[in-house]
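Chemist: Structure for this input, please:
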Amino acid sequence: MRAIFLNRFYWPDEPATAQLLTDLAEGLAARGLDVTVITSHPGLPDVPRREIRRGVRIVRVAGTRWHEAGLAGKAADFATYFAGAVWRVLFTARRGDALVSLTDPPLIGIGVWLAAGVRGARLFHWVQDIYPELAMELGGHRWLRVLRPLRNLAWRRADRCVTLGSEMAAVLVAAGVAEEKLSVAPNWAPAGLAPAPTAAADSLRTEWGLTGKFVVAYSGNLGRVHDLDPVLALAEALRAAPHIAIVFIGGGAQRAPLEAEAARRGLTNVVFRPPQPRARLAETLALGDVHLVTLRPGCERYVFPSKLYGATAVGRPVIFLGPGGCELARLIVERGFGLAFDRNAVPALAAALSALSASPADCARLGAAAARFAREQGGPEAATARWQELLAPVRAC
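Modeler: Numbers count the residues shown, from 1 in each chain. I've put the predicted structure just below:
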């Protein structure tokens, strides 16, 4: 038996799912599992189509990388990887293998389900986000509901579906997935992160002109699922507190319009920096005195932001801006490592940040709770053990 993972990104790419899958695949290989990853080719001349790295067999299929061309380019990227990956599964998978399909591109699990049926392989859906519901919520494209019956059937026919939280799991139950086929396995912080004093990022603060600032960091993808307009309203509310800086680190669909709007409003307390390489992740996360995590209302059942785990791994408080009472908000408040605010509570959030900036002791208390939460989550090693257990029935076949 082999485990074959499918995701559009893997090492040397560095989106969040690429980092997670790299940690997991290498961890499973180190425990003796035969692991293959079918991913897309980054288009770099020095990256081979096939290689074995740290025990993981990597198969890269040809496809486009046109995401900068807008929605049409993204659709081409999705379609070319979808076709190439499913075709490769048909020639790679054997009876009894475990096919683990992530959700980039959306709905690739349908193609993997069909290929698994042809090859007699076992099927696992690792549901990182839920489409087409997210696209319907963000774009209002209600016609996409026609895709749900086939997607639901692919879920129901799987050997197991793995979600990131209980609210996501409830969506699968409503789609008819038997509860005994469901597992909740949270994501984790990338390997190599640990609590660090603020001074650990002093050189970066100097480089970015943030010396002496209380940094409210947003680190990660600035995608449409994240509610970022209220963050600019927060910057407006904090104009009278020039010692507080809001720092966006990353790229995504909202980066350019946010940057333009911040400039239009003259928000000198907002700083934008490009995505940083994984080698600098510990440094960039340590830069923040607190970290922001946001979600658009209506999306909370379909996604669970993994940036939460990186922030807690370096021992930083988390401020959630999004739907009150959702699973993520409850987790942060109940475990005591941050605060949660509705998108309409910007004045209260501004007051809370002003208070935290004046109270290192309160920041330290929340940060200690964050580090404790991260330790209890266990990181990549615990995630590898969870997945080894999930795959164990397949290994016995």
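
Chemist: From here on, just use CA atoms for contacts and neighbour counts.
Modeler: Fine.

Chemist: for this structure, what's the longest helix?
Modeler: What stands out as the longest helix in the chain, according to DSSP state H, is helix 71-92.

Chemist: ok, Ala392 - how many residues close by?
Modeler: Applying other Cα atoms under 10 Å, we find 11 other residues in the vicinity of Ala392.

Chemist: cool, and Leu71?
Modeler: Residues lying near Leu71 (other Cα under 10 Å) number 11.

Chemist: Contacts only, for it.
Modeler: Contacts for Leu71 were tallied using Cα atoms under 8 Å, 6 or more residues apart in numbering; there are none.

Chemist: cool, and Thr206?
Modeler: Applying Cα under 8 Å, 6+ apart to Thr206 gives no contacts.

Chemist: let's see 10 Å
Modeler: Thr206 is in contact with Gly212, counting by Cα atoms under 10 Å, 6 or more residues apart in numbering.

Chemist: Mind telling me what element it is part of?
Modeler: Applying DSSP states H and E as the criterion places Thr206 in helix 202-207.

Chemist: before we move on, what about Leu353?
Modeler: helix 346-357.

Chemist: How far does the helix or strand just after that helix sit from its chain's centre?
Modeler: Next in sequence after helix 346-357, counting helices and strands by DSSP H and E, comes helix 360-377. In terms of Cα atoms, centre = their mean, to the nearest Å, the centre of helix 360-377 is found 21 Å from the chain centre.

Chemist: helices and strands around helix 360-377, which ones?
Modeler: strand 290-294, helix 307-313, strand 318-321, helix 327-334, strand 338-341, helix 346-357 (3 or more Cα pairs under 10 Å, 6 or more residues apart in numbering; DSSP states H and E).

Chemist: can you do 6 Å?
Modeler: helix 307-313 (3 or more Cα pairs under 6 Å, 6 or more residues apart in numbering; DSSP states H and E).

Chemist: Mind giving me the packing neighbours of the helix it packs on?
Modeler: Against helix 307-313 (3+ Cα pairs under 6 Å, 6+ apart) you get helix 360-377.

Chemist: Let's see the next helix or strand after the helix it packs on as CSV, backbone CA atoms only.
Modeler: For helix 360-377, the following helix or strand on the C-terminal side (DSSP H and E) is helix 379-395. C-alpha atoms of helix 379-395 as CSV (Å, rounded to 0.1, in the frame of the first residue of the first chain):
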residue,chain,number,x,y,z
GLY,A,379,2.9,20.6,15.6
PRO,A,380,3.9,18.5,12.6
GLU,A,381,4.9,15.5,14.7
ALA,A,382,1.4,15.2,16.3
ALA,A,383,-0.2,15.8,12.9
THR,A,384,1.9,13.0,11.4
ALA,A,385,0.9,10.6,14.1
ARG,A,386,-2.8,11.5,13.6
TRP,A,387,-2.6,10.8,9.9
GLN,A,388,-0.7,7.6,10.4
GLU,A,389,-3.6,6.5,12.6
LEU,A,390,-6.1,7.6,10.0
LEU,A,391,-4.3,5.7,7.3
ALA,A,392,-3.8,2.6,9.5
PRO,A,393,-6.9,0.7,8.3
VAL,A,394,-5.8,1.2,4.7
ARG,A,395,-2.3,0.0,5.6
